[in-house]
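> Next come a sequence and a model predicted from it.
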Amino acid sequence: MLFWLVYLVIRVEIIQLYPGSFLHRLGMELIELPLKAAALYFVIYVLIRKLLLQKKHGKFFVVFFLFILVTMVLNRLEDYYITYPLIEESIAKYQPGSFNLDATFLRNSITRHEVGLWNFSAAFLNLIYIYPVVGLGAAAYFTKGWFESNLKHEQVQKEKFQAELKLLKDQLHPHFLFNTLNNIYSLSQAQSQKTPDMILRLSHLLGFMLHDGSASLIPLAKELQALKDYIELERLRLGDRLQLTFEASGDVDGKCIAPIILFPFLENCFKHGSHKTIEQVWISFNLTINENVMIVQIENSIPDKVAVTDKQSRVGLANVKQRLQLLYPGKHELTIHEEETYLVKLKLILS
């Protein structure tokens, strides 16, 4: 509807092919409009959508030839029996200076009328008033369709992205909770006085995950504070066995990060670095900020001759790799080395 409205405004008010009053010009255009609209929609829905896009090339060329022939005949009949008589009536009333255009075009039309109904040259030339609207209309239709398709594709991708991200977060939280509850359970069996402190620390962390874990971005300072709380939770469990260094340098103010991105790396350190075969557990966490680039290096001891076969312990690490791909495509570098020590290096461009 918008296309046809704009078309009529241009034809009636700007081009003014037919002289006379506004209503006269509009009437002449409306007389020609049904054939033009029929030609346009036939091209869109039959020639292009049903034949060309379906790769029915043979049928396309046959139907296209018939379309040109039928349109030419119908247009010629319309001109001969409707348009030309109205033009003759306009010329009969024509007075110099009363129209925006002179009568040359109208006299030429009458000349074409005088050569007869089935004049091929006149019929073919008259099609020049149909071709432009068909071309522009088809272009407008498919441009609109292209934009709608792109918007729909983006919406589907966004919904898929959100669903994948939610799934990864839902997997991550129970995994962390499972490990920590195991630790608390072990202490409770030993009737350790550290158990209440462990529960309190866990409460703080669950509060962080509940309120901040669902956000798309959080201040980097909050993520670091949550990591410190987690470290203290593990320190209560490991006691003197743990030798840990935690360093953060650079300006973290105003920097934001996706929540719970660094958690799985640190959790993995405690999971494997505190294996019962290791008498002295050591973990090194180093974070530096240079403008909007964050570089994190996490290293921990690993058992000498004990292979890590716990698949569940790998869930958090696998999930964070997927989250990095979703949230920071092309904006992160992750390398993991497992030889004498377990070393994780992460470079991330922050918001």
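Nice, thanks for sending it over. Numbers count the residues shown, from 1 in each chain.
> how much space between residue 272 and residue 321?
Per Cβ to Cβ, to the nearest Å, residue 272 is found 17 Å from residue 321. Heads up, the C-betas are built off the backbone N, CA and C, glycines and all.
> more crowded one of these two?
residue 272 (20 against 15; other Cβ atoms under 10 Å).
> Mind telling me what element that one is part of?
For residue 272, the host element (DSSP states H and E) is helix 263-273.
> What ranges does the stretch 251-351 of the chain have for its helices?
263-273, 315-327 (DSSP state H, counting those that start in this stretch).
> pLDDT averaged over the shortest one, what's the number?
For helix 263-273, the mean pLDDT works out to 79.
> Can I get it in CSV? Just the C-alpha atoms.
The C-alpha trace of helix 263-273 is given here as CSV (Å, rounded to 0.1, in the frame of the first residue of the first chain):
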residue,chain,number,x,y,z
PHE,A,263,35.4,-19.2,38.1
PRO,A,264,35.8,-22.5,36.3
PHE,A,265,39.5,-22.0,35.8
LEU,A,266,40.1,-21.4,39.4
GLU,A,267,37.8,-24.2,40.5
ASN,A,268,39.7,-26.5,38.2
CYS,A,269,42.9,-25.6,40.0
PHE,A,270,41.5,-26.6,43.3
LYS,A,271,39.8,-29.7,41.9
HIS,A,272,43.0,-31.2,40.4
GLY,A,273,45.7,-29.2,42.2
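> What is that helix packed up against?
Contact here means 3 or more Cβ pairs under 8 Å, 6 or more residues apart in numbering; DSSP states H and E; on that basis helix 263-273 packs against helix 131-189, helix 220-238, strand 281-290, strand 293-301, helix 315-327, strand 341-349.
> Same list, these, but as CSV with mean pLDDT please.
Formatted as CSV, these follow (pLDDT from 0 to 100):
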stretch, mean pLDDT
helix 131-189, 74
helix 220-238, 85
strand 281-290, 92
strand 293-301, 92
helix 315-327, 77
strand 341-349, 91
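> Columns distance to residue 247 on top of the ones you listed, output as a markdown table?
Shown next, in a markdown table, are the helices and strands packed on helix 263-273 (distance: least, Cβ to Cβ, whole Å):
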| stretch | distance to residue 247 |
| --- | --- |
| helix 131-189 | 23 |
| helix 220-238 | 11 |
| strand 281-290 | 5 |
| strand 293-301 | 10 |
| helix 315-327 | 21 |
| strand 341-349 | 15 |
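> of those, which approaches residue 257 most closely?
helix 220-238 (4.9 Å; Cβ to Cβ).
> Let me know the angle separating that closest one from strand 293-301.
10 degrees (axes from the mean of the first three to the mean of the last three Cα atoms, to 10 degrees).
> Can you spell out the domain ranges of the protein, please?
2-129, 164-349 (automatic domain parsing).
> follow-up on the earlier one: mind listing what's buried in the helix holding residue 272?
Under the neighbour-count criterion of 16 or more other Cβ atoms under 10 Å, helix 263-273 has 263-273 buried.
> Let me know the closest of the residues you listed to residue 118.
For the buried residues of helix 263-273, the nearest to residue 118 is residue 264 (81.6 Å; Cβ to Cβ).
> wait, doesn't that closest one sit right on residue 320?
Yes. Between residue 264 and residue 320 there is a contact at 4.3 Å, judged by Cβ atoms under 8 Å.
> ok, the closest residue to residue 290 other than its chain neighbours to residue 302 distance?
Excluding the flanking residues, the one nearest residue 290 by Cβ to Cβ, 6 or more residues apart in numbering is residue 250, at 6.2 Å. Residue 250 sits 29 Å away from residue 302, taking Cβ to Cβ as the criterion.
> more neighbours, the two?
residue 302 (19 against 15).
> from what I can see the more buried one touches residue 342, true?
Yes. The pair residue 302 / residue 342 is scored as a contact, 5.0 Å apart, by Cβ under 8 Å.
> Next, count neighbours for residue 342.
Neighbour number of residue 342 under other Cβ under 10 Å is 20.
> right, and it touches residue 297 too?
No. Residue 342 is beyond contact range of residue 297, at 11.6 Å (criterion: Cβ under 8 Å).
> Single out the most deeply packed of the domains of the chain.
Mean neighbour count (mean count of other Cβ atoms under 10 Å) peaks for domain 164-349 among those, with a mean of 16.
> So residue 253 sits against residue 222, correct?
No. Contact criterion Cβ under 8 Å: residue 253 and residue 222 do not qualify, at 12.0 Å.
> Run through the residues that contact the closest residue to residue 7 other than its chain neighbours.
Excluding the flanking residues, the one nearest residue 7 by Cβ to Cβ, 6+ apart is residue 133, at 6.4 Å. For residue 133, the contact set (Cβ atoms under 8 Å, 6 or more residues apart in numbering) comprises 7, 36, 39-40.
> cool, residue 248 as well?
Contacts of residue 248 by Cβ under 8 Å, 6+ apart are 224, 286-289.
> between those residues, which is nearest residue 60?
residue 289 (61.5 Å).
> How about the closest one: what's its closest non-neighbour residue?
Nearest non-adjacent residue to residue 289, counting by Cβ to Cβ, 6+ apart: residue 250, 2.8 Å away.
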